[in-house]
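S.K.: Pasting a predicted model and its sequence here:
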Amino acid sequence: MTLTRTAGLWLVGIAALGVAVRVLVLIQFPTIAHPDEVFQYLEQANRLIDGRGLVPWEYDAGLRSWLLPGILAAVMWVGLWFGPSPAASMGAVGGLLCLLGLIPVICGFSWGWRSAKLPGAIAAGGLNAVWFEIVYYAVHPLAETFATAALVGGLYLVYPFTAGTSQRRLFFGALLLGLTIALRLQMAPAVLVAVIVVGGVRRLQPYRALVPGIVLPLLAIGLLDWISLGWPFRSIVMNVYFNSVVGVASYFGTSPPWSYVGSFMHSWGPLAPVVAILALAGAYRLRLMFAVAAIIFLVHSALGHKEDRFISPMLPLVMTLAAVGSVMMVEHVRSAQWRAVLRVLLLPGWAVASLMLAMLPANAYFWRMGRGAVMADRLINAAPQACGVAILPGSRWPSTGGYALTRQDIGLFSGGGATASPAALAASNYVIGFDQVDLAADGYQSVACWIDPRFRNATPQRMCLWQRPGGCTTAGAEPLAATIDPDLARMLGDKFRTVSH
């Protein structure tokens, strides 16, 4: 991509805007998008660093690759050079996420430049910088977040393919596309479509770079699984087995094929058809973007278990298409004066629309989900006298920050079931209680409470932080463990008892 000096300055400014927005969200709206963010990734990375961490059944079964926890562990370890955990380690993770979040911004700017010169570059880069859902997912360490960065970066390197495209560029683009599959297996059909569109059906030369690039990350995952889980590709095989054969994915809920359409209508309101029409218009100039986004949408719509985060990798592609489409609409305005005005207003208009949608009550869960767990841990970590934390009831551990967000000298304990365990209360001078837990009679005072909307249409949960004076006596207290729901345990049987820890 060859940019003019003016375009280069715009790119720097929009990239700075993208970083600023993401940092603002990290600081002002600390949330947990999904328990997987903590317990499948951050918690396991924490185990690699200091040995502390809850072990969910997926790691017993070898269902999860250690790729993402390993990446996060390296980043968290570097963060510890600058201060104590968890503030420094989480700060380092946040820094990495902000940098990865620039990939859609820069690539969107480039695609916009190729498709509609500077107006298209400003609109596409800027929309990827400020669109509320793109920003939201970009600041959470989920597999989908890393897969988004790899997918967009890979597509940028391989598309558009021309006669002058170097084999090296194709190879490195394919490496990122292979990494996309390694991070999230369900992205394989979209990557396959991208490779076929780029390589064509009558040319062999592109595939000499594309195929090795795709295969190498997958072989690396096989080797990593062999070293960490006992045999090659175990995480992939177990993922397919448990979710498709045993039916674990369905256990967590199923939705009809049209559910994602409803999700977009819910989040975008009356703007949903506008985005769809503009994205279709943009597809005229960026056909591969549309094809990949469509395959992601269709494949995930066909799967029974659906979560909005699963299709988040398509958002930068859709918004790039919509931005280019909006520029194309402006180009058809006959009046030169109005065209000039609309070009100036295009990015501010998109930014205002994004902000208004983000502020809708229907989208409040984006900015409040898991906030209580983060804020409770911050209050506990800031208290020098904190020595133990009980979770009451202990079965609500997925709604907490685990060891990853807790100061290293503080123990975590299961507070019991319907009633508090005396041993747990003796071991903990802080308690995170859910629902109607009241510990005033046990000598605790309420510090703060939060209402967590959880997932869309789910029943909100109430979380309160309780504190008592004095120290901690750990004798007889039950350490917090990653327990399994009884119904899920019956479904799994003994199949998941395959890895000792």
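M.R.: The structure has been received and is ready for your questions.

S.K.: Can you give me every residue that contacts the closest residue in space to residue 6 that isn't next to it in sequence?
M.R.: Nearest residue to residue 6 in three dimensions, chain neighbours excluded: residue 118, at 6.9 Å (Cβ to Cβ, 6 or more residues apart in numbering). In this view, the C-beta of every residue, glycine as well, is placed from N, C-alpha and C. Each residue near residue 118 by Cβ atoms under 8 Å, 6 or more residues apart in numbering is listed here: 4, 6-7, 10.

S.K.: Any stretches of the chain with poor pLDDT?
M.R.: Scanning the chain for pLDDT under 70 picks out 1, 161-163, 202, 454-458, 494-501.

S.K.: Kindly recompute the last result at 50.
M.R.: By pLDDT under 50, the low-scoring segments of the chain are 497-501.

S.K.: Just to be sure, residue 450 is in a helix?
M.R.: No: going by DSSP: H, G, I helix; E, B strand; the rest coil, the assignment for residue 450 is strand, not a helix.

S.K.: Are we agreed that residue 201 is in a helix?
M.R.: No: counting by three-state DSSP, residue 201 is not part of a helix but coil.

S.K.: Count the neighbours of it for me.
M.R.: As a burial measure, residue 201 scores 6 neighbours (other Cβ atoms under 10 Å).

S.K.: Quick check: residue 433 is in a strand.
M.R.: Yes: according to three-state DSSP, residue 433 belongs to a strand.

S.K.: got a list of what it touches?
M.R.: For residue 433, counting by Cβ under 8 Å, 6+ apart, the contacting residues are 392, 415, 439, 463-466.

S.K.: Please apply the same query to residue 58.
M.R.: 40, 64.

S.K.: ok, back up a step: closest to residue 478 out of the contacts of residue 433?
M.R.: residue 415 (8.9 Å; Cβ to Cβ).

S.K.: And the closest one, its phi and psi?
M.R.: phi -80, psi 0 (degrees, to the nearest 10).

S.K.: Just to check, it is in contact with residue 388?
M.R.: No: the pair residue 415 and residue 388 fails to qualify as a contact (Cβ atoms under 8 Å) at a distance of 10.6 Å.

S.K.: Find residues that contact each of those two.
M.R.: Joint contacts of residue 415 and residue 388 (Cβ under 8 Å, 6+ apart) are residue 428.

S.K.: more neighbours, the two?
M.R.: Each of residue 415 and residue 388 has its neighbours counted (other Cβ under 10 Å); residue 415 has more, 30 against 23.

S.K.: residues contacting the more buried one?
M.R.: Counting by Cβ under 8 Å, 6+ apart, residue 415 touches 390-394, 421, 424-425, 428, 431, 433.

S.K.: Kindly recompute the last result at 7 Å.
M.R.: 390-394, 421, 424, 431 (Cβ atoms under 7 Å, 6 or more residues apart in numbering).

S.K.: Repeat that for residue 149.
M.R.: For residue 149, the contact set (Cβ under 7 Å, 6+ apart) comprises 100, 103.

S.K.: Surely it forms part of a helix?
M.R.: Yes: residue state for residue 149 (three-state DSSP) corresponds to a helix.

S.K.: For the most centrally placed residue in the chain, grab phi and psi.
M.R.: Among the residues of the chain, the one closest to the centroid is residue 142, at 3.3 Å (Cα atoms, centre = their mean). Dihedral angles phi and psi of residue 142 (degrees, to the nearest 10) take the values phi -110, psi 160.
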